[in-house]
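Trainee: give me the fold of what follows.
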Amino acid sequence: MKAVVQRCAEASVSVDGELKAKAGRGYMVLLGVERGDTIADADYMIDKLLKLRIFEDDVGKMNLSLPQIGGEMLIISQFTLITDIPVGNRPYFGDAEDPSAAESMYDYVCEKIGAQVPVGKGVFGAHMNVSLINDGPVTIVINSRDKLKH
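Mentor: Numbers count the residues shown, from 1 in each chain. This next block holds a predicted model:
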């Protein structure tokens, strides 16, 4: 499971011109589910997203997490994060999880995080327009498979 986390002042997602969800100060997360990802990968991602300390404390040091600042999260499913470009220039998406399994994992992540902080969701599988005011800019990439490195 891969996530691109962007610290935001605000973010929103629309489908066919209709606003579906938005978030104020917090994170806009692009989330991709890779073939073979498990609930353990999802739990790892949930833990990282909730404990990631990229908000400034009183002395300007990135030391606070999203729950500590009372922030919000907008989570957008994005299978294109699970890509490879081994030869040529056309992306290969064969490592992305099957859509029904990926949607189930996406919903699981959103539900678990939503129990602790406000979460807005994109529309799984839809063509979405995402707007973002990146605060910083601060962008972090998290890969659940990295848990095996440490």
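
Trainee: any idea of the pLDDT on the nearest residue to Pro86 once chain neighbours are set aside?
Mentor: Sequence neighbours aside, Tyr92 is the residue nearest to Pro86 in space, at 6.5 Å (criterion: Cβ to Cβ, 6 or more residues apart in numbering). All C-beta atoms are positioned from the backbone trio N, CA, C, and that covers glycine. Per-residue confidence (pLDDT) for Tyr92: 92.

Trainee: neighbours of Tyr92, how many?
Mentor: The local packing of Tyr92 (other Cβ atoms under 10 Å) involves 13 other residues.

Trainee: can you list contacts of the helix ranked longest in the chain?
Mentor: Of all the segments of type helix in the chain, defined by DSSP state H, the longest one is helix 99-114. Residues outside helix 99-114 that contact it (Cβ atoms under 8 Å, 6 or more residues apart in numbering) are 1, 31, 33, 37, 39, 41-43, 45-46, 49-50, 73, 75, 77, 79, 96-97, 119, 121, 124-125.

Trainee: 6 Å instead?
Mentor: 33, 42, 46, 75, 77, 119, 121, 124 (Cβ atoms under 6 Å, 6 or more residues apart in numbering).

Trainee: also stretch 58-75?
Mentor: The contact list for stretch 58-75, computed with Cβ under 6 Å, 6+ apart, reads 11, 21, 23-29, 31, 51, 53-55, 57, 110, 117-121.

Trainee: can you show me the CA trace of it as PDB?
Mentor: Taking C-alpha atoms only, stretch 58-75 is exported to PDB below (Å, rounded to 0.1, in the frame of the first residue of the first chain):
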ATOM      1  CA  ASP A  58       5.400  26.200  19.400                       C
ATOM      2  CA  VAL A  59       9.100  26.500  18.300                       C
ATOM      3  CA  GLY A  60       8.500  25.800  14.600                       C
ATOM      4  CA  LYS A  61       9.700  22.200  14.700                       C
ATOM      5  CA  MET A  62       7.700  19.500  12.800                       C
ATOM      6  CA  ASN A  63       6.700  17.700  16.000                       C
ATOM      7  CA  LEU A  64       2.900  17.400  16.000                       C
ATOM      8  CA  SER A  65       0.500  14.800  14.500                       C
ATOM      9  CA  LEU A  66      -2.800  15.300  12.800                       C
ATOM     10  CA  PRO A  67      -4.900  14.400  15.800                       C
ATOM     11  CA  GLN A  68      -2.800  16.700  18.000                       C
ATOM     12  CA  ILE A  69      -3.700  19.700  15.900                       C
ATOM     13  CA  GLY A  70      -7.300  18.700  15.400                       C
ATOM     14  CA  GLY A  71      -6.800  18.300  11.700                       C
ATOM     15  CA  GLU A  72      -8.800  16.700   8.900                       C
ATOM     16  CA  MET A  73      -8.000  14.200   6.200                       C
ATOM     17  CA  LEU A  74      -9.200  13.800   2.600                       C
ATOM     18  CA  ILE A  75      -8.300  10.400   1.300                       C
END
